[in-house]
Structures are given as structure tokens and as C-alpha cells.
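A.B. asks: What would the 3D arrangement of this be:
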Amino acid sequence: MLSAPAGALAPAGALAPAVRRLQRENARLRATLARWHRGFEALQGLEIEPLFEHALSLILGTARAQAGLGFVRHAADRSCEIVAWHGLERAEASGIGEWVQGALEPGGVVDGRWQPVPPHLPLPRPWGEGACLLLRLEAVGEDQPVVLLLSRQRRVVWRREEADALAFYQELAGQALARALRYRRAEHISCVDHLTGLFNLRYLEIVLVQEMARASRYAYDASLLFLDLDFFKLVNDRYGHLCGSAVLVETGRVLQGVVRKSDTVVRYGGDEFVVVLPRSGPKEALLVAERVRRAIEAHHFPGPAGAIRLTASLGVASYPQDARDLRTLLSLADRAQYRAKALNRNCVCAASLLADEAGAPRP
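C.D. replies: Numbering: from 1, shown residues only. You can find the predicted model right below:
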């Protein structure tokens, strides 16, 4: 029997297994490159909400899940902020954050494994009979992005390529969200008053632009309160600036305790504060201002020799009744506050009073 000479080509049949292996490897490489392309294209930018929505979409498409929720867990106050959701209504998702917070505690749910949906999880019936999966992404300080996936099936089994793709998207999403959370924290620090912990003037300009745009688009009112503490300079002169700073911090707490969570309290500068009131017209804003005035008048502020009693003068201006641009609105609220000072302090003055006194037409 003659043997093939050295260097001769092997029969086509002998090469078939090697060709198939190369084809499979080529397919895996193509799939990996496609994942990289989809992931890096989707997970750009620094805004946490759209980033989390894209991350959730990528993970859902890989993990055989029909619904999912994206949370940011804040360890400082033990809360879970819902950032993204898919396959569920926002109202259906609102009760799940508390369960997720508990599941992330030591001894809670083991993340990374499908398991039956707990009976006490507040979900509609189809989901309650299925399975859930908890995924922790890269943490930034005390902020932990978390994904909760839901499947209508009780048992979910992944193929190897699906598990590899999920691990890839989980890591990539974690890195992208970590960047966004660091950016949000830096932005927050730049918009916060270092003494009181309230928002500062820089943030006031941002929130006024946003709020007036919403009010214009959806045809609802928005109002501003401009507050100045009466005779605050006497506190600094009599008790010192450390005591004055403590009074300013306490004033911020009083304001936050009186207004709604949807309202924004800002330290404008010195002993001046501004409160942005979404969906509040002149009548509602005057009621809030009077409530604030009474709260400050009744409060016992800390002093070195006992409680210090203070009062405040407040001005109120509303969009669109008093002004249709933010600078005019802020200016009117400030002028109304000065008018309250002139009216013997410890009172509330509406911007409409300024127009009435001047005989000027309303916008």
C-alpha cells in the first residue's frame, strides 16, 4: 500500500472537523464583536436614566426575561430609587423597591440565580407564578445599581453563549452606570450649599428653566417664594457668626419640613432662601408662604444662652400670572419680599400687589 508523500494535501473529509471548529469559533467571535458594538453604542453618555434604560434593554434581551427593573440602592438612607423599568407599569414597580432593599441585606436573596418569585412580592399574578433574578452592578461609594429581572416561566436555563453575553453586559453596564453616578454626585456637590446642605443659586437657575418649561408645555402654574430672615444681622452681631450659621442651617430644616417633597428649597445667599413650587398658582403659593412664615415665627432656634426667636418676610410670584420668563419672575418675588419688609416685616406680600400699586398691566 502506497502512503501519501510528505507535504501532500489531506483528503477533504479529514479537514471537515477542523473547518467546522473554525466556523464555530468564527461565529463566536462575530457574536462577541456584535455584543461589543451594541453595548458600547448603547451605553454612552452620563445621564443615569437613559443609560439605565439601555442597560436594562440589553440585559433583558439576553437573559430570557420578559420584564425588568433598574434601581439605585442608597445605603445612607436604606432606600431604592427606581430609575428604569420595562414590561411593567411604573405604579406596579413602586412597591418592589422595599423588597429589593431587604433582599440585598446580608442573608437576603442570592443574586445571580433564578429563583421563584417570593409570595409577598407585590406583583400582578402572571409574574407571581414565575421566577426572578437579582443582579448587582458596580457600586460607587454607597450607591449600588441593581437589576431585577422577571420571567413568567418558573425555570429558566441559559445556554453558554447567553450566560457569557449576560456577564459581558452586566460588567459593561456596571462600568457605564458607575461613571454616570460619579458624574451625578459631582454635579450634585456643585449644586449644593456647603453650609445648609440645600441647593444653591446655580441649581436654582437649572430647576427654574426646567420647571417653567414643564409649566409652559403642560399648561400649569408654578410659583416662587423669596424669603429673608428679619434682623438676622443682629444674631451675628450679638451671638457671633457660628451661631448665625447654625440658625441658617436650622432655617433650611424648617423650610424642608413645611413644604412638599416635590418643592425645591434653595439657599439664595446670606439669609435669603427661595422655594420653587411646581403646580402651584398664586392662591396656593400664598397659603404655603403663610405656613412658612408661621413655622419660622413659632420655631425656637438654637442660641448660646437659650432659644432665639426670629421672623421672616416673604415675597410670592407666580407663572404665568405675574411673569412669563424666569428672570422677571425671580425679580418680582424678590421685590415683593422687599415690599413685605417695608410693611413692618413678618408678613407675606404677593407680586400682584406691586402691579396694583403701580397701576401696571398684568402679563
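
A.B. asks: which residue ranges form the helices in this protein?
C.D. replies: 12-42, 48-63, 90-93, 97-103, 125-128, 160-190, 201-218, 232-239, 241-258, 282-298, 326-342, 351-358 (DSSP state H).

A.B. asks: would CSV of those with mean pLDDT and distance to Pro145 be doable?
C.D. replies: Yep, even glycine has a C-beta here, placed from its N, CA and C like the rest. Output for the helices of the chain, formatted as CSV (pLDDT from 0 to 100; distance: least, Cβ to Cβ, whole Å):
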stretch, mean pLDDT, distance to Pro145
helix 12-42, 67, 15
helix 48-63, 87, 7
helix 90-93, 72, 15
helix 97-103, 80, 11
helix 125-128, 77, 22
helix 160-190, 85, 5
helix 201-218, 88, 24
helix 232-239, 95, 43
helix 241-258, 96, 27
helix 282-298, 97, 36
helix 326-342, 94, 34
helix 351-358, 75, 44
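
A.B. asks: Mind checking these for the one nearest to Pro119?
C.D. replies: helix 125-128 (7.1 Å; Cβ to Cβ).

A.B. asks: surely Gln101 meets Arg73?
C.D. replies: Yes - using Cβ atoms under 8 Å, Gln101 is in contact with Arg73, at 6.4 Å.

A.B. asks: where do the contact lists of the two overlap?
C.D. replies: Here Gln101 and Arg73 share the contacting residues 79-80, scored by Cβ atoms under 8 Å, 6 or more residues apart in numbering.

A.B. asks: Give me the nearest residue to Pro124, chain neighbours excluded.
C.D. replies: Glu92 (6.5 Å; Cβ to Cβ, 6 or more residues apart in numbering).

A.B. asks: And for Ala67, the neighbour number?
C.D. replies: 22 (other Cβ atoms under 10 Å).

A.B. asks: what's the answer for Gln115, then?
C.D. replies: Neighbour tally, Gln115, other Cβ under 10 Å: 13.

A.B. asks: quick one: Leu134 and Phe52, what's the gap?
C.D. replies: Counting by Cβ to Cβ, to the nearest Å, the gap from Leu134 to Phe52 is 15 Å.

A.B. asks: These two: which has the busier surroundings?
C.D. replies: Phe52 (26 against 20).

A.B. asks: Could you pull up the contacting residues of the more buried one?
C.D. replies: 70, 83-84, 145, 177.

A.B. asks: Would you check that Leu255 makes contact with Val265?
C.D. replies: Yes - counting by Cβ under 8 Å, Val265 is a contact partner of Leu255 at 4.8 Å.

A.B. asks: For the two, list the residues in contact with both.
C.D. replies: Common neighbours of Leu255 and Val265 (Cβ under 8 Å, 6+ apart) are 198, 273, 275.

A.B. asks: got a list of what the first one touches?
C.D. replies: Which is Leu198. 192, 252, 255-256, 265-267, 273.

A.B. asks: among those, which ones are buried?
C.D. replies: Buried positions within the contacts of Leu198, assessed by neighbour count (16 or more other Cβ atoms under 10 Å), are 192, 252, 255, 265-267, 273.

A.B. asks: from the residues you listed, which ones fall inside strands?
C.D. replies: 265-267, 273 (DSSP state E).

A.B. asks: Next, give me the two most distant ones among those residues.
C.D. replies: Of all pairs in these, the most separated under Cβ to Cβ is Val265 and Arg267 at 7.9 Å.

A.B. asks: Spell out which residues are contacts of both of the two.
C.D. replies: Between them, Val265 and Arg267 share the contacting residues 198-199, 252, 273, judged by Cβ under 8 Å, 6+ apart.

A.B. asks: Which of the residues you listed sits closest to Phe231?
C.D. replies: Nearest member of these to Phe231, counting by Cβ to Cβ, is Phe273, at 15.8 Å.

A.B. asks: And the residue nearest to Gln175 when sequence neighbours are not counted, how far from Pro50?
C.D. replies: Leaving aside its chain neighbours, Gln175 sits nearest to Glu138 (6.1 Å; criterion: Cβ to Cβ, 6+ apart). Distance of Glu138 to Pro50, given as Cβ to Cβ: 18 Å.

A.B. asks: TSV for the helices of the chain, including distance to Phe226?
C.D. replies: Listed next are those as TSV, based on distance: least, Cβ to Cβ, whole Å:
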stretch	distance to Phe226
helix 12-42	44
helix 48-63	31
helix 90-93	34
helix 97-103	36
helix 125-128	48
helix 160-190	23
helix 201-218	11
helix 232-239	15
helix 241-258	12
helix 282-298	9
helix 326-342	4
helix 351-358	10
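
A.B. asks: With pLDDT added, can I get the shared contacts of Leu255 and Val265 in CSV?
C.D. replies: Below are the shared contacts of Leu255 and Val265 laid out as CSV (pLDDT from 0 to 100):
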residue, pLDDT
Leu198, 95
Phe273, 98
Val275, 97
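
A.B. asks: My understanding was that Gln321 contacts Pro282; is that so?
C.D. replies: Yes - Gln321 is within contact range of Pro282, at 5.6 Å (criterion: Cβ under 8 Å).

A.B. asks: which residues do those two both contact?
C.D. replies: 221, 352.

A.B. asks: What residues does Gln170 make contact with?
C.D. replies: Per Cβ under 8 Å, 6+ apart, neighbours of Gln170: 59, 135, 137, 147.

A.B. asks: Narrow those residues to those in strands?
C.D. replies: 135, 147.
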